[in-house]
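Enquirer: Just to be clear, the model below is a prediction. Sequence and coordinates:
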Amino acid sequence: MGDYTTVSVPSSKLLFRQLFEKESSTNTYLLADVTHPQKPALLVDPVDKTADRDISIIKELGLTLIYAINTHVHADHVTGTGVIKNKVPEVKSIISKASNSKADLFVEHGDKIHFGNLFLEVRATPGHTLGCVTYVTGDGPDQPQPRMAFTGDALLIRGCGRTDFQGGSSLQLYNSVHSQIFTLPKDTFVYPAHDYKGFTVSTVGEEMLFNPRLTKDEDTFKSIMENLNLPYPKMIDVAVPANMVCGLQDVTKKSCEPLAT
């Protein structure tokens with residue numbers, strides 16, 4: 001069925017699975033409210049190549065997939081939202097309004113994405129791209145604790161996303177992480193969109209102490225990012241155009257509506 005790990009979350013309401021796509025080292029996250037009669041679920045950052053696997057596990061677990069959401073317009077893989085929408089037409093795709101791409105629903109900073117009695121809070125974290133957002137599990141006695149932050153490429157485990165294309169800005173990324181992620185409780189779990197070293201999860205507190213880039217001052221961080229000398233992403237010329245249309249390369253249907261919160 002593919003690679004996935006289970007993390008112990010102290011909540012009987014939330015079902016959580018971390019899934020992995022090997023070629024692009026992408027993490028996809030499955031969340032569901034299992035106490036709700038319909039067991040509504042959502043996927044964060046699905047990949048086209050593993051969409052069938054994700055649909056299969058959702059069916060096995062008796063969940064109802066309602067949303068397939070992206071943290072940003074990816075440059076290293078094609079999103080799975082298009083494949084999923086073709087196979088499960090009732091699923092709605094979600095991305096930030098600032099991404100200027102297509103989806104069924106657009107979100108902005110401060111919006112909430114509800115699935116059953118649980119929700120994700122949207123936090124704008126641009127810098128890797130203009131449209132990056134971080135999705136954070138809700139704050140409240142009826143929401144799972146510790147909180148969980150799905151940081152996309154803004155904050156990686158002991159790293160961060162590059163800032164040299166797609167409207168990236170190192171200073172904007174630095175401010176995004178410090179103002180929107182490092183202000184979360186220190187025990188908040190950090191779940192990035194990618195990992196290349198075998199890590200699966202971190203915490204806000206860990207990254208505030210040990211992240212080799214984002215623990216530096218702004219000027220040092222900017223210098224680090226300007227001297228990464230990374231190769232051009234091999235999938236960017238395929239992935240970005242496809243992801244700008246929700247992974248639906250052959251579909252011309254217009255999208256989108258703002259998400260009601």
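Expert: Perfect, I can see it now.
Enquirer: Can you verify my assumption that residue 187 contacts residue 201?
Expert: No - Residue 187 is beyond contact range of residue 201, at 11.8 Å (criterion: CB atoms under 8 Å). The way it works is simple: take the backbone N, C-alpha and C, and place the C-beta from them, glycine included.
Enquirer: and residue 50, that's in a helix?
Expert: Yes - Residue 50 forms part of a helix when assessed by DSSP: H, G, I helix; E, B strand; the rest coil.
Enquirer: What segments of the chain are strands?
Expert: 3-5, 14-21, 26-33, 40-44, 64-69, 92-96, 105-107, 112-115, 118-124, 133-137, 148-152, 189-192, 202-203, 257-258 (DSSP state E).
Enquirer: and for the fourth one, what are the contacting residues?
Expert: Residues from elsewhere that reach strand 40-44, judged by CB atoms under 8 Å, 6 or more residues apart in numbering: 15, 28-33, 54, 58, 63-71, 80, 84, 113, 115-116, 120, 135, 150.
Enquirer: what comes up buried for it?
Expert: 40, 41, 42, 43, 44 (16 or more other CB atoms under 10 Å).
Enquirer: Out of the residues you listed, give me the two with the largest separation.
Expert: Using CB to CB, these reach their maximum pairwise distance at 40 and 44, which is 14.2 Å.
Enquirer: What's the end-to-end length of stretch 160-171?
Expert: Stretch 160-171 has an end-to-end distance of 12 Å (criterion: CA to CA, to the nearest Å).
Enquirer: my bad, stretch 151-166
Expert: Distance between the two ends of stretch 151-166: 17 Å, counting by CA to CA.
Enquirer: for the stretch 1-150 of the chain, which spans come out with low pLDDT?
Expert: By pLDDT under 70, the low-scoring segments of the stretch 1-150 of the chain are 1-11, 75-77.
Enquirer: Run a quick neighbour tally on the closest residue in space to residue 216 that isn't next to it in sequence.
Expert: In space, and not counting its chain neighbours, residue 216 is closest to residue 224: 6.9 Å by CB to CB, 6 or more residues apart in numbering. Residues near residue 224, counting by other CB atoms under 10 Å, number 15.
Enquirer: how deep is residue 61 tucked in, by neighbour count?
Expert: Neighbourhood size, residue 61 [other CB under 10 Å]: 14.
Enquirer: Could you report the pLDDT at the closest residue to residue 209 other than its chain neighbours?
Expert: Spatial nearest neighbour of residue 209, chain neighbours left out: residue 215 (7.0 Å); criterion: CB to CB, 6+ apart. At residue 215, the model reports a pLDDT of 97.
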